[in-house]
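J.: Give me a 3D structure for the following:
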Amino acid sequence: MAFLVSGTLQTAAQLADAWDSLGRKGKYSVQGSRVALILSTPGVSAAAIAALDGVSQALGFEIHEKRKVPVQSFLEELRLFREQLDVHRGVVGCALVVLMAPSGQLRCPQLLTQELSHCGALQGCPKIFLLFSSDLKGE
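T.: Have a look, this model is predicted:
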């Protein structure tokens, strides 16, 4: 029963955040730091990662984390990132998450994008996801 109530409250909070986001129509206050996380699988070209890192820096994302992990670890890495952001609640204004994996490996991107919706520190803040899934092998 507690799980059902907890899940219901969590879903209600996510819906409230979604409705709040729709009501803003792109008008966000991004006061606070902008954080970026780039997750890539081993085998993704260093040039692709460097390019996206450069883009995040050019857009003003102050905190950059880059990790190479197997695609099966993406969800756990996002959980850790979310927990880290929740510790700094109120200091975060925007989050950018980039997920890069070879074609066919990102099977359930909805689960990955929903993980950041559980982040209390990002309620009412823009959350940007970039999912790259193609033949990214190289250098």
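
J.: Look up phi and psi at C119.
T.: Dihedral pair for C119: phi -80, psi 110, per degrees, to the nearest 10.

J.: Neighbours of it, how many?
T.: By the measure other CB atoms under 10 Å, the count of residues near C119 is 22. Every C-beta, even on glycine, is put in place using the N, C-alpha and C of the backbone.

J.: now I63
T.: 16.

J.: ok, the closest residue to F81 other than its chain neighbours - contacts?
T.: Nearest residue to F81 in three dimensions, chain neighbours excluded: L37, at 5.1 Å (CB to CB, 6 or more residues apart in numbering). Each residue near L37 by CB atoms under 8 Å, 6 or more residues apart in numbering is listed here: E65, K66, R67, E77, L78, F81, A95, L96, V97, V98.

J.: What would the strand or helix carrying the fourth one look like as PDB? C-alpha coordinates only.
T.: What that stands for is E77. Using DSSP states H and E, E77 falls within helix 74-87. Extracted in PDB, the C-alpha atoms of helix 74-87 (Å, rounded to 0.1, in the frame of the first residue of the first chain):
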ATOM      1  CA  PHE A  74      23.000   4.500 -18.100                       C
ATOM      2  CA  LEU A  75      20.000   4.300 -15.800                       C
ATOM      3  CA  GLU A  76      22.100   3.900 -12.700                       C
ATOM      4  CA  GLU A  77      24.400   6.800 -13.800                       C
ATOM      5  CA  LEU A  78      21.300   9.000 -14.200                       C
ATOM      6  CA  ARG A  79      20.100   8.000 -10.700                       C
ATOM      7  CA  LEU A  80      23.500   9.000  -9.300                       C
ATOM      8  CA  PHE A  81      23.400  12.300 -11.200                       C
ATOM      9  CA  ARG A  82      19.800  13.000  -9.900                       C
ATOM     10  CA  GLU A  83      20.800  12.200  -6.300                       C
ATOM     11  CA  GLN A  84      23.800  14.600  -6.700                       C
ATOM     12  CA  LEU A  85      21.500  17.400  -8.000                       C
ATOM     13  CA  ASP A  86      19.000  16.800  -5.200                       C
ATOM     14  CA  VAL A  87      21.800  17.400  -2.600                       C
END
